[in-house]
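# sequence plus the predicted model coming up.
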Amino acid sequence: MRRIPAFAIAAFIMLAYARIAEADAVPLRAEDGTLVGVPVLINEAIVLSFTIDSAASDVSISSKVFSKLVLTGTIKPSDMIDTQSYRLADGNQQRSRRFRFRSLRVGTIEIRDVIGSVAPGEGDLLLGQSFLSKLKSWSIDNESHMLLLNEPPNSQRPVPEKSAATGTTSSGDESMQPVDYLFRYMVSYLLTGDDLGNIRIVDRARCIVEVRHHIWPGTPDLVSRIYLNNVDRTRSGIQAVSDVPRNRVDISLRGKSVVDYLARPAFKFGQREMPEAPAHSVSEDTITLYTDEVARVRSAWDYIYSHGCRGAKGG
């Protein structure tokens, strides 16, 4: 058996402790005996608790948190990148918005230009590979409940244009600049209840939006154009309604010609012949969203009417 000199063992131990000493140690939050939460300073503005997930390709936040960060100005329109299709653990694909964190700080270590993505609903905030892969090394000390981070000084790594997710940019509004992505998502949620709903910005300056409703397979879409600048905000509003089987939010739009419904061709639905529906305009309409997130709906409304759309008075 080969003997290892005592001085070699001592040197190895000292080196190991030196590496630990050089590491930035960040306390972890424990949940049910599992170390999960790490505080992260986002864009030098707000601290949120993230779950470390080395299997996640990007740093991921929920759509609810994303909306709050947008409304507080923590995430700006210029931070938006594109929409990607992500492959989930069960093999399914999910479209998500991508944006750039200008900075993420964990402990004393700050990483700039980190790719982030938005997950639907109220899921966990995940500290994924778009942050972790930029570190020299990282580990979790289960005994001391610490996250150990090592990052060499003055290290600047280029940010990849594509994350580890497979996918391509959404074809939604091809002519949109990054500054308009947030506007599109907010409008989409307000009018469809989906951040990535089937809408098209017809005229950004005049706040005209086209919404396409797929009512039933094999039938023509119902297409409407909504004139947000014609909406009289003093007579319009948002109301949460307790309903069965699902709660809903009703958005009333009132004003002069607030919605144009495009002509819909005749079609056959089962054994019934459905007649052609001519184009027409209405001065009052109600959009119903089946959601409990009335605060998100109000936030989207406030964002739209503070970023270019002005509405009307006495329409």
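Looks like it arrived, so ask away.
# so what's Ile109 up against?
Shown here is Ile109, whose contacts under the criterion C-beta atoms under 8 Å, 6 or more residues apart in numbering are Asp24, Leu135, Leu149, Glu151. Glycine gets a C-beta too; all of them are placed from N, C-alpha and C.
# just flag the most distant two among these.
Asp24 and Leu135 (9.6 Å; C-beta to C-beta).
# what's the first helix or strand after the helix or strand harbouring Ser130?
Under DSSP states H and E, the secondary-structure element containing Ser130 is helix 129-132. Scanning the chain past helix 129-132 towards its C-terminal end, the next helix or strand to appear is strand 137-141 (assignment: DSSP H and E).
# give the other helices and strands that that next one contacts.
When contacts are defined as 3 or more C-beta pairs under 8 Å, 6 or more residues apart in numbering; DSSP states H and E, strand 137-141 sits against strand 146-150.
# for the strand it packs on, buried residues please.
Going by neighbour count (16 or more other C-beta atoms under 10 Å), the buried part of strand 146-150 is Met146, Leu147, Leu148, Leu149.
# nearest to Phe66 among the contacts of Ile109?
For Phe66, the closest of these turns out to be Leu135, at 24.2 Å, with distances computed as C-beta to C-beta.
# how about the strands in the stretch 151-300 of the chain?
Using DSSP state E, counting those that start in this stretch, the strands of the stretch 151-300 of the chain run over 199-203, 208-213, 222-227, 237-241, 248-261, 267-269, 272-274, 280-289.
# what distance separates the last one from the middle of the whole chain?
This means strand 280-289. 27 Å (C-alpha atoms, centre = their mean, to the nearest Å).
# CSV for the strands of the stretch 151-300 of the chain, including mean neighbour count and distance to Gly91?
Below are the strands of the stretch 151-300 of the chain laid out as CSV (neighbours: other C-beta atoms under 10 Å; distance: least, C-beta to C-beta, whole Å):
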stretch, mean neighbour count, distance to Gly91
strand 199-203, 16, 28
strand 208-213, 17, 28
strand 222-227, 19, 33
strand 237-241, 13, 36
strand 248-261, 18, 32
strand 267-269, 12, 34
strand 272-274, 10, 38
strand 280-289, 14, 29
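# now render these as a markdown table, adding distance to Gly73 and mean pLDDT.
As requested, the strands of the stretch 151-300 of the chain are arranged in a markdown table below (distance: least, C-beta to C-beta, whole Å; pLDDT from 0 to 100):
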| stretch | distance to Gly73 | mean pLDDT |
| --- | --- | --- |
| strand 199-203 | 22 | 92 |
| strand 208-213 | 23 | 93 |
| strand 222-227 | 26 | 95 |
| strand 237-241 | 22 | 93 |
| strand 248-261 | 25 | 94 |
| strand 267-269 | 46 | 84 |
| strand 272-274 | 47 | 87 |
| strand 280-289 | 25 | 94 |
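# looking at these, which is nearest to Arg298?
Each of those was checked against Arg298 via C-beta to C-beta, and the shortest separation belongs to strand 237-241, namely 5.6 Å.
# got the end-to-end distance for stretch 53-73?
Distance between the two ends of stretch 53-73: 26 Å, counting by C-alpha to C-alpha, to the nearest Å.
# I meant to write stretch 76-92 there.
Here the two ends of stretch 76-92 are set 30 Å apart, with distance taken as C-alpha to C-alpha.
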